[in-house]
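K.L.:
the following comprises the amino acid sequence and a computationally predicted model.
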There are 2 protein chains.
Amino acid sequence: MNASAPSTATLAEMANAIRFLSMDAVEKAKSGHPGMPMGMADVATVLYTKFMKFDAKTPRWADRDRFVLSAGHGSMLLYALGYLTGYEDLDIDQLKNFRQLGYRTAGHPEFGHVAIADTTTGPLGQGITNAVGMALAEAMQAARFGSGIVDHYTYAIAGDGCLMEGISQEAITMAGHWKLSKLIVLWDDNHICIDGDTSLSTSDDQAKRFAAAGWNTLACDGHDFAAIEKAIEAARKSDKPTLIACRTTIGKGAPNKCGTEKVHGAPLGADEIKAARDAANWPYEPFVIPEHVLAAWRAAGARGASARADWDGRVAKMDAAARDLFTRTNEGRLPEGWQSVISDFKKKISAETPKVATRKASQDVLEVVTAAIPEMIGGSADLTHSNLTDTKACKPSIKSGEFAGRYIHYGIREFGMAAVMNGIALHGGFVPYGGTFLIFANYLWPALRMTALMEQRVLFVLTHDSIGLGEDGPTHQPIETVAALRATPNTLVFRPADAVETAEAYEVALLNETGPSCFALSRQNLPTVRTTHTDENLTAKGAYVLAEAEGKRQVTLLATGSEVSMALEARALLAEKGVAAAVVSMPCWELFDRQSKEYRSKVLGEGTVRVAVEALTTFGWERYVGLDGAVIGMTGFGASAPADKLYQHFGITAQAVADAALARL
Amino acid sequence: MNASAPSTATLAEMANAIRFLSMDAVEKAKSGHPGMPMGMADVATVLYTKFMKFDAKTPRWADRDRFVLSAGHGSMLLYALGYLTGYEDLDIDQLKNFRQLGYRTAGHPEFGHVAIADTTTGPLGQGITNAVGMALAEAMQAARFGSGIVDHYTYAIAGDGCLMEGISQEAITMAGHWKLSKLIVLWDDNHICIDGDTSLSTSDDQAKRFAAAGWNTLACDGHDFAAIEKAIEAARKSDKPTLIACRTTIGKGAPNKCGTEKVHGAPLGADEIKAARDAANWPYEPFVIPEHVLAAWRAAGARGASARADWDGRVAKMDAAARDLFTRTNEGRLPEGWQSVISDFKKKISAETPKVATRKASQDVLEVVTAAIPEMIGGSADLTHSNLTDTKACKPSIKSGEFAGRYIHYGIREFGMAAVMNGIALHGGFVPYGGTFLIFANYLWPALRMTALMEQRVLFVLTHDSIGLGEDGPTHQPIETVAALRATPNTLVFRPADAVETAEAYEVALLNETGPSCFALSRQNLPTVRTTHTDENLTAKGAYVLAEAEGKRQVTLLATGSEVSMALEARALLAEKGVAAAVVSMPCWELFDRQSKEYRSKVLGEGTVRVAVEALTTFGWERYVGLDGAVIGMTGFGASAPADKLYQHFGITAQAVADAALARL
């Protein structure tokens, strides 16, 4: 490829094409971030002309190199690269309408909007962590299918912001621990953050820091094409992940504003852009790229076509079973007939009616689904024996150099785990699930939000889901967490009442290809409430009548998870008083809200007294009980004591539920 | 002091006292974490007998050394130390009732429950970050009052969990950057995490990592008293913060289980405890400490009394104004008469009726309150010019060696900022406020939860509070964040409609000494809706009738922040149709929920059609509109476009509000 590689003079013009497209698009949009694309234009030009394995006409090629613009505010870098290299979804009209409604060129790059975006970035630090997940997924796929089929690099551009965010530490220690040698981070080392010089807030020696995490570290002048090329070449040969500190000038090309925070996040203004054009000898109108420069870029974009065609040939020659597995898992299709294990499991539970914690039920379900679905990859943020996320099928664990396993010890890194799972899902080929305590969903929430925004299938196993965890106390008792997850768009939140609902929840979650699913699971044992088997997945309806009233329904008791059996007790207490109450189990609000008005009205018992009970914040329940109903739950933080004492202490009891209903009759 | 220091043999017995109290308490509670207290007993014994400046009888002495048990699950270490050294709130009965309802000895140490806890710990990584805040507060107070009055160390014990959490990186880079030389972290380097050996999930060279952040690093055998003493002595002399890697055996003293994850989080069992007693030649009954050991410990607890008395003398000799300021700020009392600046500000705004963004209004309010309240310490997570958190009074910024300033460049470290602010507040003497984009409250939420749990006065300035931020797109547009904050116990969430409400919100927040206050502030300009001045703080009621209906009220329009003016427009549209509508501004739900039923009923307009509008998730609004009302808001993620286009696109308009009301009449 290097034989026909562009000359240094051409490279300079190619980089300037990125710069002027960025300046012009930000100027026209009257908002955006020109400084980063201008500063990193030279590095990106070398990467995309000499190294990136991609084919602009087949953008989702499974074995392409991945590219993560972790500093997502520099989105024009990505859009410029996409347009210049010939991605069909990025014509010049898209760039002219940067940040406008109905166009693909959003303020921050969004996965699914433009083919060149391998992930959505903007919330700093998450992009490089996604990149770790992608590099891990590459290693796992290569271990399964061989390096003839899976053999690509993951490149990420990160700024000081990404490296200051704490999650970056979680990312780099995971990558270093696993020795993900095909991960290369290009650090835009420009010494500028938004408030001013980075010396305002940091004195870190980044190279030392990355070395301490087991990385190879290199540095180069980020405006010297040969130096950049040499560094990337060396990085590719390392047996460790590599950080390349690219010393750059932010806003390079803006004669007066470059090198200051002024070019970071605002249009340069007509005068400065004119000065930039003069200085660069770039006489072209806004958004006009001279033909020879565009041709050079388009050649770069077509560079990978033959490699891609060769790869197609190798895939065609794969063993049929392996190819089917590779194709099926890359496409995200689950194996034929997997759902029968759910049905079998439900039958067994309904017959045996065990009293088990839903975290244990979750493990039992995971045992059968991970056996049926080989692409499921488990893990926990160092709470394996508490979350019960390990299964026989998922053994052995992933280790450095041993990527054939199916279980990941993420360490005490909840946020990092979630963002790595996003990277694994985005890469394709796997369905990741990971566990932590529900309270630590607060730590990983910003990544789960990205799972939802990017519409990825990631499963969050969140155990110890209420004051029911007992003695660990209020620091560990989630009160507000489930409400926050319910408030997060495109997120399914399950709080199953027993092992049957747990199995049903997993079935829905695995079928839900376009967003995260969260399981809030009990530490404490719960009785089986679904004692009659039905093939129908009742949890898929979000809520259903678990026990209809005897006679005309006067009261509707709504509950989730561990409080469903309490509602059944309250129903019995009410029956003693001659009051006919139904119990509605509501394992998933979001799914219930999607049902027909008729169904919802019937389940909720129009005109009946409604009482909800959930050992979590009462916040949000008014959606179902209205202004006249009652909610039995938590309004403050919990306490440290045995679980049964806490339920009594906070007045979350069957008697309290019954009393609240009676008071409203 | 060293003249009467205990012998090595006595130290060994003293450490064993910690070990057996920990074993016995966990055994009796049938839950808890013995491994860490046993492993770190020797280190803690050296620290508390030779170095810690404290007086068990005056536990809140302002110039005491601070001690943070960042690995909070090892709470028995702290409770044992408290009992042994003679803290009056920790008698043996408290230890016998470890983790029981109504006792102070919670599963994780809770600030305010036991005097020895300088912070609440448990959520890993936050404790050491609080410690950074405490050490910074010490430096800031010393710069103001001199080292004769303020001169103490901050010690923290951290485990592998704390150091794996990403926030630890934010903490150590801040401490290294500021050269907080009186911060000493004792790392419980035991090679064990919950899943097993730490090599399952990490290969970090911690010493290198801390050195890269500008720390002094030392190591010692954590079971060699002399080595521990030597290391702490050296650390105290460093001009940098110090990490001491204390190589320990987890569960040291448990002959069969020590050194494995089995001792981490479960009772050892009667057999193992008996074996431990035999091995240590410790024939005493559970919870019994032999007299000579208790006496040695009590002597250690009384060690600081004379230093404390000397200090009292120095305080008495302070210049009266300085002493008053020192005492007042340590007690958290605001200066006399400060509220007049709020009143003056409100008057001015109501007269001038500017059209300004509430983030700008916030800056204008901060200008006057920071001038009136010298203990306020500002800052931003590298968004100063966007959050508008800087004021004239807060200049200059804090720098290494220059701690007299009042503004902190926290860097791109939202979570770290929040946890440092918690540490500053816990230390005492200051009222911290810090800014970031509202969406990044998702990043800092776990620390804000601790602010709420610990009942600390910390102000969160959260700008760019809806799709109204426009072009930056869905990664930056908070949808669910405000709902999550509202669901968090003991948290005030303000979304002011204009500059008057912004001023009122700050007044309430500064008076709210027992919890966090959050300000959700607009990027875009908003008209002044409070055009008539009143001395009464209407925001303190949470919600109020901003514009009563003309004639008998048929419709009640509920709104917050940027949508209040939209509700006023809708009211006018309805008036055109002959419909009488009132507009209720609801800047703070939590405060409204505390009002009398009568007031709430009157404001919400019992029997009227209710429509709420807020450019955030609709989740939670049913509390006020019930099942029959309407909520105009967001149900999915936003998009990248100019703000006005987005409001149209998502149907959040005055017309939509009016139409929703009309449809329900």
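P.N.:
Good, I have the coordinates. Numbering: from 1, shown residues only, chains lettered A, B, ... in the order given.
K.L.:
and the stretch 1-150 of chain A, which residues reach chain B?
P.N.:
Within the stretch 1-150 of chain A, the positions adjacent to chain B are A:29, A:31-32, A:72-73, A:99-102, A:106-108, A:110, A:120-125 by Cβ under 8 Å from any Cβ of the partner chain. C-beta coordinates here come from the backbone N, C-alpha and C atoms, glycine included.
K.L.:
near chain B, anything from the helix or strand A:V185 falls within?
P.N.:
Here A:V185, judged by DSSP states H and E, is contained in strand A:183-189. No: Strand A:183-189 lies out of reach of chain B by Cβ under 8 Å from any Cβ, never closer than 13.3 Å.
K.L.:
per the record, what domains does chain A have?
P.N.:
For chain A, the TED database gives the domain ranges A:12-307, A:338-527, A:544-663.
K.L.:
to B:A351, which of these lies closest?
P.N.:
Among these, domain A:12-307 comes nearest to B:A351, with 32.8 Å by Cβ to Cβ.
K.L.:
and that closest one, how far out from the chain's middle?
P.N.:
20 Å (Cα atoms, centre = their mean, to the nearest Å).
K.L.:
what about it, start to end distance?
P.N.:
Counting by Cα to Cα, to the nearest Å, you get 26 Å between the two ends of domain A:12-307.
K.L.:
which of the residues of the stretch 1-150 of chain A next to chain B fall in helices?
P.N.:
A:A29 (DSSP state H).
K.L.:
residues in contact with A:G423?
P.N.:
The contact partners of A:G423, taken as Cβ atoms under 8 Å, 6 or more residues apart in numbering or on different chains, are A:119, A:129-137.
K.L.:
can you give me the buried ones in the lengthiest strand in chain A?
P.N.:
Of all segments of type strand in chain A, defined using DSSP state E, the longest is strand A:609-617. When burial is assessed from 16 or more other Cβ atoms under 10 Å in any protein chain shown, strand A:609-617 yields the following buried residues: A:609-617.
K.L.:
quick revisit: I would like the residues contacting the strand holding A:V185, please.
P.N.:
A:36, A:39-40, A:43, A:47, A:71, A:128, A:131-132, A:135, A:153-160, A:163, A:175, A:206, A:219, A:222, A:232, A:235-236, A:241-248, A:250.
K.L.:
mind exporting that strand as CSV, just the C-alpha atoms?
P.N.:
What follows is strand A:183-189, C-alpha atoms only, in CSV (Å, rounded to 0.1, in the frame of the first residue of the first chain):
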residue,chain,number,x,y,z
LEU,A,183,-5.3,-1.3,21.2
ILE,A,184,-3.6,2.0,20.3
VAL,A,185,-4.6,5.2,22.0
LEU,A,186,-3.5,8.4,20.3
TRP,A,187,-3.5,11.1,23.0
ASP,A,188,-4.1,14.6,21.7
ASP,A,189,-1.5,16.1,24.0
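K.L.:
related to what we said a few turns ago, and the domains of chain A as TSV, adding mean pLDDT?
P.N.:
Below are the domains of chain A laid out as TSV (pLDDT from 0 to 100):
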stretch	mean pLDDT
domain A:12-307	97
domain A:338-527	98
domain A:544-663	98
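K.L.:
these: which one's closest to B:P489?
P.N.:
Smallest distance to B:P489 across these (Cβ to Cβ): 4.7 Å, for domain A:544-663.
K.L.:
next SSE downstream of the strand holding A:V185?
P.N.:
Downstream of strand A:183-189 (by DSSP H and E), the next one is strand A:192-193.
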